[in-house]
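In: one predicted model, sequence on top.
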Amino acid sequence: MKRYLHALLTFTALALAIPAVASAHPDGHHHHDHQQPARPNIDWSAMPADIQALKTQLDQIKTEQKSLFQQMKSQNEQIREAGKALSKDKRKSLKQPAKQLIEKMKASKEAIREMRDLKRESWSSFHENAEKKQWAAAKTDMETIVKQKRQIIEKQQNIVRLQKQLITLIGPSAQS
């Protein structure tokens, strides 16, 4: 049972960290999808000012995401270390509450994956409209991308909160 809970905690920490990071890569592109053709770099300075302003918002979101990724990584390490320190009896008593938190994290991760796919479609549409200089449509696409990235950030923040709850649940202060 001790190995099972330890393996479950370790697997979950890794399973949540890596896909969550990949799900909403801060540069707006998912690097594991080799089916889409490479897009040329965008000359943002050639875009209308309102689209450039939206790009600035995306850059701010990217910065926030980097911070979240670091926090998730750090908390995964804390979860791993706290899990290693648990006694057999404590592991058994925490199995169900930990499992509930882990299931919530998995649900958030899956939602991020779905949002990432929608965001990818929006980026594709943006590229097409920008190439055709259809600025109104490109702006709408960019607004959609910003909205989608904010939704992804919310889900990532939820994962961070759930990780904190798991740390509190299995941490050294909870072991007494």
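Out: Alright, I've got the coordinates.

In: only C-alpha atoms from now on, for both contacts and neighbour counts.
Out: OK.

In: now do the SS call for K133.
Out: Reducing the assignment to helix, strand or coil with DSSP: H, G, I helix; E, B strand; the rest coil, the entry for K133 is coil.

In: give me the pLDDT for it.
Out: K133 is assigned 94 on the pLDDT scale.

In: could you do P97 as well?
Out: Reported pLDDT at P97 in the predicted model: 89.

In: tell me, how many residues neighbour the closest residue to P48 other than its chain neighbours?
Out: If the residues on either side of it in the chain are set aside, P48 comes closest to W135, at 7.4 Å by CA to CA, 6 or more residues apart in numbering. Neighbourhood size, W135 [other CA atoms under 10 Å]: 17.

In: quick check: W135 touching D50?
Out: No - assessed by CA atoms under 8 Å, W135 is found out of contact with D50, at 9.5 Å.

In: how about S108, nearest residue that isn't a chain neighbour?
Out: Using CA to CA, 6+ apart and skipping residues adjacent in sequence, the residue nearest S108 is K155, 5.7 Å away.

In: over to M72?
Out: V160 (6.0 Å).

In: and whatever helix or strand that neighbour lives in, what other elements does it pack with?
Out: Taking DSSP states H and E as the definition, V160 sits inside helix 135-170. Secondary structure elements in contact with helix 135-170, counted by 3 or more CA pairs under 8 Å, 6 or more residues apart in numbering; DSSP states H and E, are helix 49-85, helix 88-131.
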